[in-house]
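Student: requesting a structural model of the entry that follows:
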Amino acid sequence: MPKQPISIAVKIKKLVMNFTKWLLYALIILVLAYASFKVWEYKGEYEKENAAKILAKEQEIEFNDLRKNLATYAPLLVGSPSSILTTRANGKFILAYMLGADVEAFQNAFENSVPIVYVGSQLLGIGCKKSDCEESSAAFVIEPANGKVYLALRKSGELTFYGLEDSKTIPLAFEKWQGFKKAGVQ
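Tutor: Okay, here's the model as predicted:
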């Protein structure tokens, strides 16, 4: 039986069907590639977030250990310059953890410091910038009984406290500091 010639319409239909089939395959491959990329991207973000959480937890543990250690030996520092907190390794870590970006301003505020003193059961350290005490000054309070550390920084006339829990009053030892007239007022 002789073959019948294939009409042009049938050839075009076959060509369109093949083109559509390959286009569909290409679209499926592109969708799978995009989905794979997104999974890889989200996995990378998840790993970064997880690593950041682990680092933050490790730093929190180290901070708590160093803070308790500081509270233990801080009474031995009475009479020493207040700037000693900014020069010791433990103190530097505690300051960096509590102050974040303001750590350098705090350290600069201790260029001119007075000896650490007892104010009741709390230890108070005070410092100010050599060139201008009115512009930049800082203080810290350590409570040896419970291991708490509080920091205060005044820069450009703005006073900021660090280490206070919500709705807790400012430590009374800050009354001795020139940067705060009356403790208990927030």
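
Student: use CA for all of it now, contacts and neighbours both
Tutor: OK.

Student: for the longest helix belonging to the chain, packing partners?
Tutor: In the chain, taking DSSP state H as the definition, the longest helix is helix 8-73. Counting contacts by 3 or more C-alpha pairs under 8 Å, 6 or more residues apart in numbering; DSSP states H and E, helix 8-73 is packed against helix 89-99, strand 148-155.

Student: lowest-pLDDT helix or strand in this structure?
Tutor: helix 84-87 (a mean of 83; mean pLDDT, DSSP states H and E).

Student: mind listing what's buried in that one?
Tutor: Ile84, Leu85, Thr86 (16 or more other C-alpha atoms under 10 Å).

Student: for stretch 120-138, which residues meet the burial criterion?
Tutor: Gln122, Leu123, Leu124, Gly125, Ile126, Gly127, Cys128, Lys129, Cys133, Ser136, Ser137, Ala138.

Student: how about residues contacting that stretch?
Tutor: Stretch 120-138 has contacts (C-alpha atoms under 8 Å, 6 or more residues apart in numbering) with 74-75, 78, 81-83, 105-106, 108-118, 139-145, 151-157, 173-174, 177, 179.

Student: those in helices, which ones?
Tutor: Residues of the contacts of stretch 120-138 located in helices (DSSP H): Ala105, Phe106, Asn108.
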